[in-house]
Every structure is written in structure tokens, then in C-alpha cells.
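Asks: I'll drop the sequence and a predicted model, then ask my questions.
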Amino acid sequence: MDNPERARILQGMTFGSDILIVGGGLNGPALALALAQTGHSVTVIDALSEKVRKNAAFDGRAYALALASQRLLDAIGIWERVEDHAQPMLEIKVTDGHAGAGPSPFFMHFDHAEIEEGPMGYMVEDRHVRRAFLDAMAVEPRITLVNGTSVTAQQIDTNGASVTLKDGQTLTGRVLVGCDGRNSGTAVRAGIKRTGWDYGQTALVCAIEHDLPHHGIAHQFFMPPGPLAILPLTGNRSSIVWSETREAAQQINALSDDAYLEVLRPRFGDFLGDIRLAGDRFTYPLNLTIANAFIADRLALVGDAAHGMHPIAGQGLNAGLRDVGALAEVLTLAGRRGEDIGSVLVLERYQEWRRFDTASLAMATDVFNKLFSNDNPLLRLGRDIGMGIVGSLPGLRRGFVREAAGLTGDLPKLLQGRAI
């Protein structure tokens, strides 16, 4: 049976939607909008209620969006909704050292002026991005949002996919996509195993106010227990992602706000003046977890459901949005050719596109974390000399800037700012 004939048969069958997406965080809605805008009908299943998702209180959580990710958000109509709340990242400064002892004399400094495209990326608060996605999905007629319930079972056959929800409802589609995080139930139910390991580290996440302006400069300070990222938000505020050993993080997080700041200050330094907490504090255990396959019959995994890695390079969401761009492009082009968008032959194109890039990024973050999260004097000397060399060579610096901006590799059209 040729592809056009098979497509006609499939189109004659009754599906609730072309694509079922499990997960209403960020990657799920981004994929839904990208697919809906190319003519697909999409159902998004979100375990959280709309009220919880739309809670606009500032809680300190924020995302570092690479320039390529910003282009995708612009292409699917989200950027115009969050642009006024975004802080451009104009420079990145990377140093090595000890808490309270100041940085090493060797460092790397990356400036957006070394590329032509603009800022390397933007910092955007979680509350603004989530509301923007909800508002955009609400006015897209091809998207159905089912929230406040979870998937309890899924079934795949030669014709399509179906899921059973906690409330007993059954939904059907031609393709099932798991955007449901590192502990993806979609992957588990499909029998997809994972490879990875625990880092014995926990990320302490918060936002701070400071007396002096940050000038759009992001800082990464490597210390023996783990890195401290200081990422600029709008106004005199910054987002903190601070890695400590599991035991130390537990002790620090149990402290009062004032005592927490006393531990943070010698690590942070005084280059932005006095600092104060702004919003809530969070902790996240750090591990590496990669799905052994990104696809199965009529099923694909996206974002953390496919790959969760250390935040040392701030690429978690950016890697997920690359998945979004790649899968949306693969499914859309296959549909235009009259192919069955749920066939393994189609979904393998997505897996082949994303597996090498994901493996390379996961390996890089793993190596960097192990290289920098220790106090071995020989390793410290080697990495400091390496940073000094990179920082002194314009060609290498420009390559790192383009990598940080997400402009390297085989980019999907949406991440180039182009329509599919």
C-alpha cells in the first residue's frame, strides 16, 4: 500500500486529535502551538489545574532562553507576550575559585558583540512564560486543553494511540507525545528504559534583589561543591542556581532566610552591593537521565522526558525546545507528503535528528560538572589554564558565544525564526 492510499484510510478513521500531548509545562504547550499552527489538531493533557498554572505570584523561578529558543517562541507567537518581561543576556563571565576567597585570575568572558545576531539569550520568569502559553492556547481553535487530571493508561495499535485519564475519560490520536518530565509516565508505560546516574548534588534556586545594576551580565562561578550561576532578571534582580552536595544543600535549605543569605553572601561576593531574597526558595536533586529511545510505535518523547541533564550550562529548556522544533517539523513535513505521521519511519527521523545533539550536550555537561566540581589541585590548574586560553583567543570565544546562543548544529526551522 503506498503512502497516499494509507493516508486516505487513516484520515477516514475517527481520532479525537491528530496528536495527544501528555504534559502541560513548557515543552508540551510549545509543541502544541507549533503543530496547531501547521494545521494539526492537538490535545494537551495537564495534570495541574489551570488555576495553579496561572498563579502569577513571583516565586523566583526563571529560564535562560538561548537566542535560538527566543526565535522559536517568536515564531509560534509567544515572544510578543513575554518580551516586555525579558532581560537580555549581553555578557557571560566564567570564573573558578572558593567561597569567600575570590575568583581565580584565569577566567572566560563572552560578549554578545562578538556575534552579529544580537543578545546571546534572555532571562524570563516562569510566571510570565506559563501565562503566555495558556493565553495563546486558549485562542487557538485546533488545541484542546484538558487539565486537572492525569493519564493512568495508554494503548498503541497499528492505527493510533489512546490514553485513559484518571477521571475515566478516553482520548484518541494518531501520535502520542510524552512531555511529562524526567519521571515520564508515558515512557514507563511504553517500556522505555533510561540510562543515567545521580550527581550527589542539589540545586538551590532562588531570586535575589541587589543594590547595583547587573548590566545584563550572567556569571558562572565554579566552586568545589558545584557551580553557582547568577543570571540577570529585569531590574536590580538576579536568579540564582546554586549547586551544593546533597547533605550541605539540605542543611542550607533548612535555615531561616537571614541565615540562608549569610551562607550565600561569601559565595556571591559584593560586586552587586547588598543582596536580599526576592520570592520563594526551591531545591532540585541533580542527576543525568537519558531515555534509551526517544520514540516507540506512534510515540515520541520530548524535553526532560527524553533527556534530563545538569543545569551547569543552562541548556535544559533550550534542549527541549530543539526537540519541539525538530518534532514539529518532522510531523508537519510528513503530513504534507501524505505519510502516516505516527509511523516508525517518520518518528525515526525525529530520533535521528535529536539523539546525537542530545548525547553530545549530556556528555559535555557531565564532563564539565565532574571537571569543575572538585578541589583537585592538578585539575584546578589545568582547567584554569584552559579557561585562560579560551578567553584569550577570539575564534574560540566566538565559537562559545554562538554555542551559548544556540546557533550551532542542524537547527530546525523554528529555531532559525522561520515558519515550517
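Replies: Yep, that arrived.
Asks: all helices for the stretch 101-250 of the chain, in order.
Replies: 126-138, 185-189, 246-253 (DSSP state H, counting those that start in this stretch).
Asks: adding mean pLDDT, mean neighbour count and distance to A113, write those out as a markdown table.
Replies: Placement of C-beta: from N, CA and C, glycine included. As requested, these are exported to a markdown table (pLDDT from 0 to 100; neighbours: other C-beta atoms under 10 Å; distance: least, C-beta to C-beta, whole Å):
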| stretch | mean pLDDT | mean neighbour count | distance to A113 |
| --- | --- | --- | --- |
| helix 126-138 | 94 | 19 | 27 |
| helix 185-189 | 98 | 21 | 42 |
| helix 246-253 | 96 | 15 | 37 |
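Asks: of all those, which one is nearest V346?
Replies: Among the helices of the stretch 101-250 of the chain, helix 185-189 comes nearest to V346, with 18.0 Å by C-beta to C-beta.
Asks: okay if I get the helices of the stretch 101-250 of the chain as CSV plus distance to L31?
Replies: Output for those, formatted as CSV (distance: least, C-beta to C-beta, whole Å):
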stretch, distance to L31
helix 126-138, 11
helix 185-189, 13
helix 246-253, 32
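Asks: quick one: buried residues of stretch 229-246?
Replies: 229-233, 236-245 (16 or more other C-beta atoms under 10 Å).
Asks: kindly report the same for stretch 283-291.
Replies: Judged by neighbour count (16+ other C-beta under 10 Å), stretch 283-291 contains these buried residues: 283, 286, 288-291.
Asks: how about the helices in the stretch 251-400 of the chain?
Replies: 257-268, 316-336, 344-372, 377-392, 394-404.
Asks: what's the closest non-adjacent residue to H98?
Replies: Closest residue to H98 apart from its sequence neighbours, by C-beta to C-beta, 6 or more residues apart in numbering: M223 at 6.2 Å.
Asks: and that neighbour, bridged to which residues?
Replies: Legend: beta-bridge partners of M223 under DSSP bridges are G226.
Asks: do you know the pLDDT at it?
Replies: With respect to pLDDT, M223 has a value of 85.
Asks: how many residues are close by it?
Replies: Other residues within reach of M223, judged by other C-beta atoms under 10 Å, total 22.
Asks: now do it against N287, distance only.
Replies: Here M223 is placed at a distance of 20 Å from N287 (C-beta to C-beta, to the nearest Å).
Asks: and if you look at V163?
Replies: Taking C-beta to C-beta, one finds V163 at 27 Å from N287.
Asks: G97 now?
Replies: 26 Å.
Asks: what about D198, neighbour count?
Replies: Based on other C-beta under 10 Å, the number of other residues close to D198 is 11.
Asks: typo on my end, it should be S256
Replies: 8.
Asks: roughly how far apart are it and R281?
Replies: Applying C-beta to C-beta to S256 and R281 gives a distance of 11 Å.
Asks: which residues are in contact with the residue lying closest to R355 once chain neighbours are set aside?
Replies: Counting by C-beta to C-beta, 6+ apart, F294 is the residue found nearest to R355 once chain neighbours are left out, at 6.5 Å. F294 makes contact with 300-301, 306, 350-351, 354-355, 358, according to C-beta atoms under 8 Å, 6 or more residues apart in numbering.
Asks: ok, now V344?
Replies: So V344 contacts 295, 297 (C-beta under 8 Å, 6+ apart).
Asks: please report how far it lies from T158.
Replies: Applying C-beta to C-beta to V344 and T158 gives a distance of 11 Å.
Asks: re earlier: show me the contacts for the residue nearest to H98.
Replies: Contact analysis of M223 by C-beta under 8 Å, 6+ apart lists 97-99, 267.
Asks: try D180
Replies: 22-23, 28, 186, 305.
Asks: out of these, what pair is the most spread apart?
Replies: Applying C-beta to C-beta across these, the maximum distance is between G28 and T186, 10.8 Å.
Asks: what do the two both touch?
Replies: In contact with both G28 and T186: 22, 177, 180, using C-beta under 8 Å, 6+ apart.
Asks: specify which member of the residues you listed is nearest to D323.
Replies: Nearest member of the shared contacts of G28 and T186 to D323, counting by C-beta to C-beta, is V177, at 9.7 Å.
Asks: fine by me, we can end here.
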